[in-house]
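*Asks:* curious how this folds, go ahead:
(chains A, B, C and D)
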There are 2 protein chains.
Amino acid sequence: METAFVIIAEPNRRAILGVLAVSERSVGEIERQLRMTQPTVSKHLRVLREAGFVEATVDAQRRLYRLRPQPFQELDNWLAQFRRFWSAHVDALERHLDRMEHQQDGAFKPTKNKTHEKTTRGANRKHHKGEKK
Amino acid sequence: METAFVIIAEPNRRAILGVLAVSERSVGEIERQLRMTQPTVSKHLRVLREAGFVEATVDAQRRLYRLRPQPFQELDNWLAQFRRFWSAHVDALERHLDRMEHQQDGAFKPTKNKTHEKTTRGANRKHHKGEKK
DNA sequence: CACGTATATTCCCATAAGCGTATATATAAC
DNA sequence: GTTATATATACGCTTATGGGAATATACGTG
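*Replies:* The predicted structure is shown next:
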C-alpha cells in the first residue's frame, strides 16, 4: 500500500480531504464543490480509501465518505521528530508568516482556516522554559 | 516550486530529513549512512534545498546541510485542520499527548509508553489564547 | 420492465520522477 | 602545475501517475 505521504502529495486529494474535514459528503457533492469530473473524484476516493484516509457507507446509490484518523496520525508521528526543532524558530516564523499571509493550496477554499492561529502554537506551546530533567 | 507535500512523498528524502533531524551532515556522511549513491543524495538535497527544507554552508569542498523550519511548519498547518478530528478518538489522543511529553526531553524516537499523566497543561488544547510576545 | 441517477471502472495517453553512469566543477595537498 | 577528494550536473531510460472519454454496475421509480 502506498505511504500516506504519497497519498497527500496530490493536490486534488488534499482538497477532498479538506472538504471531508468539514463533514461527510457524497461523491457528487465533492464533485460539484471542487469542480472536478466524476471519474476523477471516484478515482481519488478509491486511492484515499485504500490508504485508509476515508471510508464510505452506502446510502441507496450514494456513497457517503468520511475521514478516518489513522493515516493522519502516522503523518503527525513522522512530523513529530521535527517538531522540537522548528519550535525553536516558531516566533521568528510567526512574524514571517504574518507578513506573507499564508494560505492553503488546492482547488478548495478552506473555511476560514487561517493558518497561523494558535493551532500551531498550541502544538508546541511548551517550547518556553527549557526545564531539563 | 513544488509543494512540501510532494517533497516528502519520496522515501529517500524523508530518510535524509530524518538524518538531518539529528544534526547537520555533509553529503558524504548522508551517502554512507543511508547507503545511497552520491548523485542520488546530491539530487535529493537539491530538491530539498529548493523547497526550503534544508540549507547548506560551505566547508572547503564539503557542504554541510541542516534543516530549515518553515516547510515543516506548513505541513503542520495543513495537518492542523484534521487534528481536532482525530483527537476525538481517545486512544489516539493519548498517544499524541504521550508523544508530546516524550519529545520534550529531546527524545528522537517516540515510544509507545502507556504512561498517561497527560492532559498536562493542555499541551495542544487550543483554547489557551496565546499571547503574542 | 425501461429509464434516470449515482458511482465505479477501464483504456489510452502524456508527463514527470527517480535511478545509474558518466562527467563537470571546486578545493585541497603535494 | 598534477592528483585526490567532495559535490554537482547532464543524459538516457524506465516506470508510475493523473486526466479524459467511454462504459459498466447498482439502485430507485414509475
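*Asks:* from here on, contacts and neighbour counts on C-alpha atoms
*Replies:* Fine.
*Asks:* give me phi/psi at residue A:58?
*Replies:* phi -90, psi 130 (degrees, to the nearest 10).
*Asks:* not counting its neighbours along the chain, what's nearest it?
*Replies:* Using CA to CA, 6 or more residues apart in numbering or on different chains and skipping the chain neighbours, the partner closest in space to residue A:58 is residue A:64 (6.3 Å).
*Asks:* helix, strand, or coil at that neighbour?
*Replies:* Counting by DSSP: H, G, I helix; E, B strand; the rest coil, the backbone at residue A:64 sits in strand.
*Asks:* quick check: it touching residue A:25?
*Replies:* Yes. Using CA atoms under 8 Å, residue A:64 is in contact with residue A:25, at 5.3 Å.
*Asks:* residues in contact with the residue nearest to residue A:58?
*Replies:* A:24-27, A:56-58 (CA atoms under 8 Å, 6 or more residues apart in numbering or on different chains).
*Asks:* next: residue A:24.
*Replies:* A:64-67.
*Asks:* adding pLDDT, write those residues out as JSON lines.
*Replies:* Shown next, in JSON lines, are the contacts of residue A:24 (pLDDT from 0 to 100):
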{"residue": "A:64", "pLDDT": "98"}
{"residue": "A:65", "pLDDT": "98"}
{"residue": "A:66", "pLDDT": "97"}
{"residue": "A:67", "pLDDT": "97"}
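*Asks:* quick one: name the residues of chain A near DNA strand C.
*Replies:* With CA under 7 Å from any atom of the strand as the criterion, chain A meets DNA strand C at residues A:26-29, A:38-43, A:45-46, A:61-64.
*Asks:* show the buried residues in these.
*Replies:* Buried residues within those, counting neighbours by 16 or more other CA atoms under 10 Å in any protein chain shown: A:26-28, A:41-42, A:45, A:63-64.
*Asks:* just the ones of those in strands?
*Replies:* Mapping these onto strands (DSSP state E) picks out A:26, A:63-64.
*Asks:* picking up where we left off before, and the contacts of residue A:24, which is closest to DNA strand D?
*Replies:* residue A:64 (12.9 Å; CA to the nearest atom of the strand).
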